[in-house]
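Participant: can you look at this prediction? I've put the sequence above it.
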Amino acid sequence: MDVLMDWKSMGSLYASLMFMRTALRDIIPPELHKAARSVFFYFFSNLQTKTVTVHIKEFVGRYDNDIFKSVQRYLSSKCFTSSQYLTLSKMKNSKNHTYTMIPNQSIVDIFEGIKFTWSFRTEDSGDSSGSNGKSTNYFELCFEEKYKEFVNSSYLIRIAEEAKLIKSKNKGKKLYTNQSGDRWTMISQFSHPSTFDTIALDPVLKQDIQDDLKKFVSRKEFYTRVGKAWKRGYLLYGPPGTGKTSLIAAIANYLEFDIYDLELTSVRNNQDLRELLISTSSKSIIVVEDIDCSLDLENRESKNKKGGGDGESDTDINTSNPKTGVSSVSLSGLLNFVDGLWSPCAGERLIIFTTNHKEKLDPALLRAGRMDKHILLSYCNIESLKVLTRNYLRIQEHELMDEVEELLSSIQITTADVAECLMSFDENPDMGMRNLVAEMRKRPLQNSQGNEETKMRKSNKEKQNTKKMMMMMEDGHESDGYESAGSNNDEPDELDCGDEMMMVTMNMMMI
Ligand SMILES: Nc1ncnc2c1ncn2[C@@H]1O[C@H](COP(=O)(O)OP(=O)(O)OP(=O)(O)O)[C@@H](O)[C@H]1O
């Protein structure tokens, strides 16, 4: 019915226009016909909405056009919901597949109530600048002219942001190494299965690390405001087989960050080290494993006592590479690397060093702002052991668990050793537990008083209480006895595991 009405009104409008045209031709003298026609067309063309059409080509000369890629990502989910014909693809390094419009298809995107029409087109390029020298793809965007400014200032920005998000979701984590020396090579997609669920760690420490990471990645504005590079340094230390590598993998999986595994001995000099640093991507973890073995970076204080140097100049430090003798990376080069002449590198980065011998490292490397958080990964305790029995045997309680706990207070066993004991018994938990107890009974008894992991267990419990107290005391108290007590934090409202002494002192003060 409505359609019939519309046709009727259009018919009468047309009849009226024809009548006006004839009447005007009779009234207006012939010499003014041309001018009258221009006025007539100007009037009616202004009644129509003016539109703008923008072409976004796949290539600019021989180079990829980033905006094309962003639009492609932005439209991929939209075309899935609103198109009937689509192409489907999956990039080599991508986790997810992508939908694309087929040529000459159009879809409408409504953003903030404004209508945008997108079409996908292909044309013969006529030159060899396209990807295959024959045809080039482009998107065509149409919108009303009055929204030109809005497109420029808001819509395109929104597209870029959404595309970035889609890209990071699709990307998957990558593992890079610098085996070839002065550049990174992607060796694989990073797919280590370790997560914060599977890793056997003291639960308090585990929560503390997760909280710290969450806080770090959410504080872009904080770092900008205080003028600091958006990076954080972790030192993971403890005996071999206690989960340092597994923790790095769990962190990468938690943050969805790429890993850059830096082999310091392959880096020729400080300049190469700096270039490697600059070429890492944002949202990445730069790992140096066994830092004490990588270069001769011994504690300068002890060296100075022996050698009488002032410890400030790089020449005081033996920078020869114990493995190959080729690298001339110096301690100051490494310190600069950690401090970061980061200005060219936007985005967040975590630097993680691991060592079995923290005492061998120069304090300059360990200070707050360089290694902000010192995390001791020590021998198995009952909580971490229960994570392993849950993972490997699918049990957390067992009649032998009390004996295991008893044994743990008098012997030392690494998480790797426990994992090994349980490894083959996933179908027979009883046997697994018996095998573990038998292995533990073979271990020599230790003096549990004063060893490092006992201290850590205590300190983790104390830490929770202390943290609460600190928060209560925070007002006007931020740096009291805190920075000066040797905290490894760059932020005044947190505590680190490496600060056992300071925490004990704080507890005593509070009591
Ligand atoms: N805390 C842990 N949680 C879960 N698994 C662990 C843990 N620690 C060790 N393992 C097991 O032991 C193996 C070796 O551990 P990992 O390489 O993480 O130890 P590490 O401390 O990095 O050792 P190293 O100092 O010799 O490099 C892991 O593959 C894992 O199976």
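Facilitator: Good, I have the coordinates. Residues are numbered from 1 along each chain as shown.
Participant: from now on I want contacts and neighbour counts done on CA atoms only, so please keep to that.
Facilitator: Noted.
Participant: got a pLDDT number for residue 199?
Facilitator: Note for residue 199: predicted pLDDT of 96.
Participant: how far away is it from residue 145?
Facilitator: Distance, residue 199 to residue 145, using C-alpha to C-alpha, to the nearest Å: 57 Å.
Participant: and those two? Which one has more around it.
Facilitator: residue 199 (21 against 14; other C-alpha atoms under 10 Å).
Participant: go ahead and confirm the more buried one touches residue 250.
Facilitator: Yes. Here residue 199 lies in contact with residue 250, judged by C-alpha atoms under 8 Å, at a distance of 7.4 Å.
Participant: quick one: neighbours of the residue in the stretch 251-400 of the chain that the ligand sits nearest to, just the number.
Facilitator: Using C-alpha to the nearest ligand atom, the single residue of the stretch 251-400 of the chain nearest to the ligand is residue 356, 6.0 Å away. When neighbours are defined as other C-alpha under 10 Å, residue 356 has 21 of them.
Participant: list the contacts of it.
Facilitator: 237-240, 290, 292 (C-alpha atoms under 8 Å, 6 or more residues apart in numbering).
Participant: rerun that using 10 Å as the cut-off
Facilitator: Residues near residue 356 by C-alpha atoms under 10 Å, 6 or more residues apart in numbering: 236-242, 244, 289-293, 376-377.
Participant: look up how far residue 158 lies from it.
Facilitator: Counting by C-alpha to C-alpha, the gap from residue 356 to residue 158 is 47 Å.
Participant: okay, residue 441 and residue 413: tell me how far apart.
Facilitator: For residue 441, the distance to residue 413 equals 11 Å [C-alpha to C-alpha].
Participant: could you do residue 380 as well?
Facilitator: For residue 380, the distance to residue 413 (C-alpha to C-alpha) stands at 6 Å.
Participant: please enumerate the helices of the stretch 101-250 of the chain.
Facilitator: Per DSSP state H, counting those that start in this stretch, the stretch 101-250 of the chain has helices spanning 148-150, 156-171, 203-217, 220-226, 244-255. These are given in chain order.
Participant: want to throw those helices into a markdown table with mean neighbour count?
Facilitator: Converted to a markdown table, the helices of the stretch 101-250 of the chain look like this (neighbours: other C-alpha atoms under 10 Å):
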| stretch | mean neighbour count |
| --- | --- |
| helix 148-150 | 12 |
| helix 156-171 | 16 |
| helix 203-217 | 16 |
| helix 220-226 | 12 |
| helix 244-255 | 20 |
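Participant: and these, which one is worst for confidence?
Facilitator: Lowest mean pLDDT within those: helix 156-171, a mean of 84.
Participant: the helix or strand where residue 419 lies near the ligand at all?
Facilitator: Assigned by DSSP states H and E, residue 419 falls within helix 415-422. Yes. Figure legend: helix 415-422 in contact with the ligand (C-alpha under 6 Å from any ligand atom); contacting residues 415-416, 419.
Participant: which of the residues you listed tops the neighbour count?
Facilitator: Counting neighbours by other C-alpha under 10 Å, residue 415 comes out on top of the residues of helix 415-422 next to the ligand with 24 neighbours.
Participant: quick revisit: for residue 276, which of the helices of the stretch 101-250 of the chain is the nearest?
Facilitator: For the helices of the stretch 101-250 of the chain, the distance to residue 276 is smallest for helix 244-255, at 19.5 Å, taking C-alpha to C-alpha.
Participant: pLDDT on the next helix or strand after that closest one, on average?
Facilitator: Beyond helix 244-255 in the direction of the C-terminus, DSSP H and E gives the next helix or strand as strand 258-261. Throughout strand 258-261, pLDDT has a mean value of 94.
Participant: could you name the helices and strands sitting against strand 258-261?
Facilitator: strand 174-177, strand 185-189, helix 244-255, strand 284-288, strand 349-355 (3 or more C-alpha pairs under 10 Å, 6 or more residues apart in numbering; DSSP states H and E).
Participant: got the buried residues for stretch 70-81?
Facilitator: Residues of stretch 70-81 classed as buried: 70-76, 78-80 (neighbour count, 16 or more other C-alpha atoms under 10 Å).
Participant: from those residues, pick the one nearest the ligand.
Facilitator: Using C-alpha to the nearest ligand atom as the measure, the one of those that approaches the ligand most closely is residue 73, at 37.0 Å.
Participant: residues touching the closest residue to residue 106 other than its chain neighbours, list them.
Facilitator: Spatially, and ignoring its direct neighbours in sequence, residue 106 is nearest to residue 119 (4.1 Å; C-alpha to C-alpha, 6 or more residues apart in numbering). Remark: with contacts taken as C-alpha under 10 Å, 6+ apart, residue 119 is in contact with 55, 101-108, 138-142.
Participant: turn those into a markdown table, including neighbour count and pLDDT.
Facilitator: As requested, the contacts of residue 119 are exported to a markdown table (neighbours: other C-alpha atoms under 10 Å; pLDDT from 0 to 100):
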| residue | neighbour count | pLDDT |
| --- | --- | --- |
| 55 | 16 | 96 |
| 101 | 25 | 86 |
| 102 | 18 | 86 |
| 103 | 17 | 89 |
| 104 | 12 | 90 |
| 105 | 15 | 89 |
| 106 | 19 | 91 |
| 107 | 18 | 92 |
| 108 | 17 | 93 |
| 138 | 19 | 93 |
| 139 | 23 | 95 |
| 140 | 17 | 96 |
| 141 | 18 | 97 |
| 142 | 17 | 96 |
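Participant: right, and the pair among the residues you listed with maximum separation?
Facilitator: Greatest spatial distance in the contacts of residue 119: 102 and 142, 17.6 Å, computed using C-alpha to C-alpha.
Participant: okay, buried residues for the helix or strand residue 274 falls within please.
Facilitator: With elements taken from DSSP H and E, the one containing residue 274 is helix 270-278. Counting neighbours by 16+ other C-alpha under 10 Å, one finds that the buried residues in helix 270-278 are 270, 272-274, 276-278.
Participant: quick check: which helices or strands does that helix pack against?
Facilitator: Partner elements for helix 270-278 (3+ C-alpha pairs under 10 Å, 6+ apart): helix 331-339.
Participant: chain neighbours aside, what residue packs nearest to the residue of the stretch 351-500 of the chain found nearest the ligand?
Facilitator: Each residue of the stretch 351-500 of the chain has a distance to the ligand, by C-alpha to the nearest ligand atom, and the smallest belongs to residue 416, at 3.4 Å. Once flanking residues are discounted, residue 416 sits nearest to residue 241: 4.9 Å by C-alpha to C-alpha, 6+ apart.
Participant: and what of residue 145?
Facilitator: What sits nearest to residue 145 in space, not counting adjacent residues and going by C-alpha to C-alpha, 6+ apart, is residue 51, at 4.9 Å.
Participant: residue 74 and residue 159, how far apart?
Facilitator: 6 Å.
Participant: where do the contact lists of those two overlap?
Facilitator: With the criterion set as C-alpha under 10 Å, 6+ apart, the overlap between the contacts of residue 74 and residue 159 is residue 165.
Participant: thought residue 256 was touching residue 171?
Facilitator: Yes. In this structure, residue 256 sits in contact with residue 171. The criterion is C-alpha atoms under 10 Å, and the distance is 9.5 Å.
Participant: what's around residue 100, how many residues?
Facilitator: For residue 100, the neighbour count with other C-alpha under 10 Å is 20.
Participant: now do the contacts for the nearest residue to it once chain neighbours are set aside.
Facilitator: In space, residue 100 comes closest to residue 87 once its chain neighbours are excluded; the distance is 5.1 Å by C-alpha to C-alpha, 6+ apart. Under the criterion of C-alpha under 10 Å, 6+ apart, the contact partners of residue 87 comprise 76, 79-80, 98-103.
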